Structures are given as C-alpha cells and as structure tokens.
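Build me a structure from this.
(one chain, ligands or ions: 4)
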Amino acid sequence: MGRNMALPLVMALVALVASLPSASPATAGTAGAFDNWLSANQKDFAITQALYAKKAVGDTGNSIDESLAKAEDNKTTFVVDPKGGGDYKTITAALEAVPEGNTRRVILDLKPGEYREKIFINISKPYITFKSDPKNPAIIAWNDIAATLGKDGKPVGTVGSTTVAVESDYFMAYGVVFKNDAPTAKPGAKGGQAVALRTFGTKAAFYNCTIDGGQDTLYDHKGLHYFKDCLIRGSVDFIFGFGRSFYENCRIVSIVKEIAVLTAQQRTKTIEGAIESGFSFKNCTIMSEGGGDIYLGRAWGDSSRVIYAYTEMSKEVVPVGWDGWEVKQPESSGIYYGEFKCSGPGSDARKRVGWAVDLTEAQAKPFMGTHYVFGDSWILPPPTGNSPPSKKTSSGGATATSPAASPSSSPESASSASSPKSASLASSPESASLASSPESGYSAGKSKTKKEL
Ligand SMILES: *[C@@H]1O[C@H](CO)[C@@H](O)[C@H](O)[C@H]1NC(C)=O
Ligand SMILES: *[C@@H]1O[C@H](CO)[C@@H](O)[C@H](O)[C@H]1NC(C)=O
Ligand SMILES: *[C@@H]1O[C@H](CO)[C@@H](O)[C@H](O)[C@H]1NC(C)=O
Ligand SMILES: *[C@@H]1O[C@H](CO)[C@@H](O)[C@H](O)[C@H]1NC(C)=O
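Ligands and ions are numbered 1, 2, ... in the order given. Now for the predicted structure:
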C-alpha cells in the first residue's frame, strides 16, 4: 500500500524535475540545455503574470486595479511653488498634508524651479503624482553620498544617500528632474554612491523624467516600474536593484571617461521576491558623454536578468558587453542577459561573453512591452495639460515653509537590500578591468551585512 501511494508522488517529482530548467544552461554550444533555460524564462513569465494578477485586489490582470480606479475617480491637486504662489512651498510640506492611508490620487503640481529637498514618501501614502513640465521642469536635488554621516553619526549608506525615495505604491512622475548633485566619485573612491531616485513601492510610472547622478543613480529597488521617455545619467552601476521594470524610449547616458556600467540587476534566489525581477529596455539609446567604455550590465544577483531590445548602442559599449562580477560561473548561475535587434556600433553581438544571449523574437517577446510589468492593471497616461485648480481646503499652514526633511533610511528597505554575499570582485580579467568596484573596500559601517553597491 505504501508503495502504491508513493508512486504518484515519485512520478510527480520526476515530472517536476523534468520541468525545471537545467542547472547548467549555457555551456557554450550545448544548445538543448540552454533552450530549456530560455523557455523556462518564458514559463516564468506566465507564472508570475498569474501571480501578480492574483495579488492585486479586485484585479483580473486585464483591467485597472479597483483601488487605483477609485483613487483616480477622486483625484485632487496641490500646487507647490517654491516662490510662494501655491498651496505649499516645499514638496515635503505638501506630502505631510497627504493623510496616512491615503486613498485618492494626489497630484502635486510642481511649479518650475529648484527644490532643494531630500524626500521620503512613506508606504502609507500611495497614489502620489509629481507633475511638472518637461520643458520647464521642477528639479529636485540633494547631494548626500553613502559616506555622508547621518544624524546618528554613521554613514547613511547607499539607501540613505537617496534624494527622492518612494516607498509607496502607485507613484507617478511626469517631467520631473531627480538629481543627486554630489561631486562624481573618483573611480575606486569609497562611499561615493549617490542615489538620485529610489523606487521601492510597486506600480510606479515615470514619464519624461530625468534621473541624474553619478555612481548608483537610480535604485530600481523593488516592485513593478515603468520608465518612458526618460533620461538617465550616471557612471557605475547606475541602474541597480531588483525591480521588475520596463524602460521604453529612454536615453541612458554614461557621464564618465572611465568605465561605466549601466546596470547592476539584483535578481537572485536568496532575496524573497527578487527572482521575479529583471530590467527590460526597449527602443532605448545608450551613449557616452564622457567617452569611457560602457558595460551593459554586471551581475549583482546570481540570477541577474537584463534585456535590451531595439536599442541603439554607441561605440563605447564594449564588445564583450557584460560582466559576471563576482558570480563564479555566470554560464550556469542563472544569469539571463539578452539582446534583440539592437543597432549601432556597440551592438555587435559576435564578441559578447558566451553566456549572453542573442534572443529570438519568441524569447524576447515576454520582455518587450508593458505586459512585462503587468501594466494593464496599473499603467495610466501621464497627467499632461493643465491641472484643475487646487482643491486644498484645510486651513492653516497652506503656504507654510517646512524645513527639508532628512529622513534616515527605513529599516524595512535596508533589510530587504541585504545580500548574503559579501563583496569582493571576482578575479576574472574582465571584472578586474572594472577595478574600482563601487563596493569593494567600503567598510565605514561596522558590520557589513549588506552589500553596498
Ligand atoms: C474622496 O476623498 C476624500 C478625502 O479623502 C474622501 O473624504 C471622500 O469620501 C472621497 N470620495 C469618494 C467618492 O471616495
Ligand atoms: C516626452 O518625451 C517624448 C519623447 O522624447 C517626446 O516626444 C514628448 O514630446 C515629450 N513630452 C513633452 C511634453 O515634452
Ligand atoms: C523610439 O524612441 C524614439 C525616441 O524616444 C521615439 O521617437 C520613437 O517613436 C520610438 N519608437 C517606437 C517604435 O516606440
Ligand atoms: C511611515 O509612517 C508610519 C506612520 O507614521 C511610521 O510609523 C513609520 O515609521 C514610517 N516609516 C518610515 C520608514 O519612515
């Protein structure tokens, strides 16, 4: 009897194992195993799609989330003007006026000018929009770096260096410049990470925005994100994290004359949820202002995943394209780096590392569209045009100035940023040429459980 009962289980296990991707996919030339791995990614897409559809309350995956629809039906606008002509003078003050557990779309209509503020949007305040004018933008700037000392006298770290941190869901920005204007760190300098924007909430969309910094500009930390018509400038690892994000029609610009690395994607089996992540770029342009070599990405996570499709690559993109960083056997770790129909002198795939993929259309398809981020349930067009007049009614403090906040990094995000691996560059010649890891050697903090990029 025991045997009879065990049989179905054994068969189920055999079937399960057979359906799992091969553990050693890309041993150059052995196409079969590698194809399995590729199709596993397509399957992964189907599975995670179902998963996200289930997660969203009242969402079938094909229509706008119910809570979002309600928030949009009941939207309100606060005018923010540093010159004093609006409801608030600072973004921080306007955000303070948004109630905890907010359920309506709150559009902060940002008048042009510089906002010298360090901003933290708490998870309890979803549905916030920063609306500006791309031709005459609001510039939000601060200049902390990882080595900057916080109130507690300790370095703030990469997470804490952020100019604008968004931890709530359903954030949107249009025409805004997010900037970290700390002097660009010298190659190899310690604690120079200077994040301009960190997105930790899910279902965030950015249109016609500029994300401007040096090392570690955009912390695409976690969640579903959409970047359209944006300009992203930086130097080392300047788009990094374990977000699941779609970048469309964006310009990605290296500002250094030394080596730039566009992405440090952190997909990994060891952080909860991170295995669903990956960056997908479509119809983007990669170029260099500084003239230095450009790597398309290096693996922060053991299963790092980045795709470039229909993307124009300037000559500075190095022929090998990618770097495994400290992943010892990138060909079998689960790294997924692919390109599809890219153009420009830097796009020649013939000399790419053996474990990068020249994707077929079927392989590229899951990544090439807002479906990759399940956008049907949450991506809405940007709030262009004139806002309705401010509906703010609460008395007192409407134009009060509030000192720029200087929040410390949240414990939540700090812990989820942790990586089990301790940092040290792998000794492959390739990684060695990226000699100045932004991370290596930065040990100002006492116990380093977190791998600082
Ligand atoms: C709109 O939002 C306001 C402020 O939160 C709330 O009092 C009101 O009930 C909401 N209206 C609807 C129809 O949800
Ligand atoms: C947003 O960016 C796109 C692409 O660059 C451009 O066509 C569009 O005009 C921009 N919108 C505004 C209002 O500038
Ligand atoms: C590709 O990007 C360019 C520049 O942002 C834009 O003008 C063009 O419409 C895009 N093409 C497609 C097919 O999206
Ligand atoms: C977010 O706001 C809640 C409620 O005020 C607070 O308890 C919490 O500490 C805030 N989170 C962060 C990371 O600041």
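
what residues are up against the nearest residue to residue 133 once chain neighbours are set aside?
Sequence neighbours aside, residue 175 is the residue nearest to residue 133 in space, at 5.2 Å (criterion: CB to CB, 6 or more residues apart in numbering). C-beta here means a position set from N, CA and C on the backbone, and glycine is covered the same way. Contact analysis of residue 175 by CB atoms under 8 Å, 6 or more residues apart in numbering lists 131, 132, 133, 134, 135, 137, 138, 207, 208, 209, 382.

and the stretch 1-150 of the chain, which residues reach ligand 2?
Proximity of the stretch 1-150 of the chain to ligand 2, by CB under 6 Å from any ligand atom, involves residues 134, 135.

sorry, back to before: lowest-confidence one in the contacts of residue 175?
Across the contacts of residue 175, the bottom pLDDT score, 92, is held by residue 382.

and it, how many neighbours?
19 (other CB atoms under 10 Å).

In a strand, it, correct?
No. Per DSSP: H, G, I helix; E, B strand; the rest coil, residue 382 lies outside any strand segment and is coil.

Isn't it up against residue 227?
No. Look at residue 382 against residue 227 with CB atoms under 8 Å: they stay out of range, at 11.9 Å.

Assign residue 211 to helix, strand or coil.
Under three-state DSSP, the three-state class of residue 211 is strand.

And for residue 363?
helix.

Need the pLDDT of it.
With respect to pLDDT, residue 363 has a value of 93.

Quick check: it touching residue 339?
No. Counting by CB under 8 Å, residue 339 is not a contact partner of residue 363; they are 10.6 Å apart.

can you list residues touching both of residue 382 and residue 227?
residue 205.

wait, isn't residue 164 in contact with residue 128?
No. Taking contacts as CB under 8 Å, residue 164 lies outside contact range of residue 128: 11.0 Å.

can you list residues touching both of the two?
residue 121.

that older thread, got phi/psi on the residue nearest to residue 133?
With angles defined as degrees, to the nearest 10, residue 175 sits at phi 70, psi 20.

between residue 363 and residue 339, who's got more neighbours?
residue 339 (24 against 19).

which residues does the closest residue to ligand 2 within the stretch 1-150 of the chain contact?
Ranked by CB to the nearest ligand atom, the top residue of the stretch 1-150 of the chain for proximity to ligand 2 is residue 134, at 3.9 Å. When contacts are counted by CB under 8 Å, 6+ apart, residue 134 touches 174, 175, 208.

Quick check: bridge partners of the first one?
Same thing as residue 174. Following DSSP bridges, residue 174 is listed with bridge partners residue 131, residue 207.

Could you check how far it is from ligand 4?
As defined by CB to the nearest ligand atom, to the nearest Å, residue 174 lies at a distance of 25 Å from ligand 4.

Any idea how many residues pack against that residue?
There are 24 residues near residue 174, going by other CB under 10 Å.

cool, and residue 321?
Neighbour number of residue 321 under other CB under 10 Å is 22.

Now it. Nearest residue, chain neighbours left out?
Closest to residue 321 by CB to CB, 6+ apart is residue 352, at 4.5 Å.

residue contacts, the one you found?
Per CB under 8 Å, 6+ apart, neighbours of residue 352: 319, 320, 321, 322, 339, 358.

do that again at 7 Å, thanks
320, 321, 322 (CB atoms under 7 Å, 6 or more residues apart in numbering).

how far away is the closest residue to residue 150 other than its chain neighbours from residue 162?
In this structure, residue 150 finds its nearest non-sequential neighbour in residue 156, 4.5 Å apart by CB to CB, 6+ apart. The gap separating residue 156 from residue 162 is 9 Å, by CB to CB, to the nearest Å.

Could I get the contacting residues of residue 277?
Counting by CB under 7 Å, 6+ apart, residue 277 makes contact with 242, 243, 244, 267, 305.

gap between the residue of the stretch 101-250 of the chain found nearest ligand 4 and residue 317?
The minimum distance from the stretch 101-250 of the chain to ligand 4, using CB to the nearest ligand atom, falls at residue 122 (3.7 Å). Note on residue 122: its distance to residue 317, by CB to CB, is 39 Å.

ok, which of the contacts of residue 134 also contact ligand 2?
residue 208.

So which of the contacts of residue 134 is the closest to ligand 3?
Using CB to the nearest ligand atom, the contacts of residue 134 come closest to ligand 3 at residue 208, 10.2 Å.

Wait, that closest one touches residue 229, no?
Yes. Counting by CB atoms under 7 Å, residue 208 does reach residue 229; the two are 4.8 Å apart.
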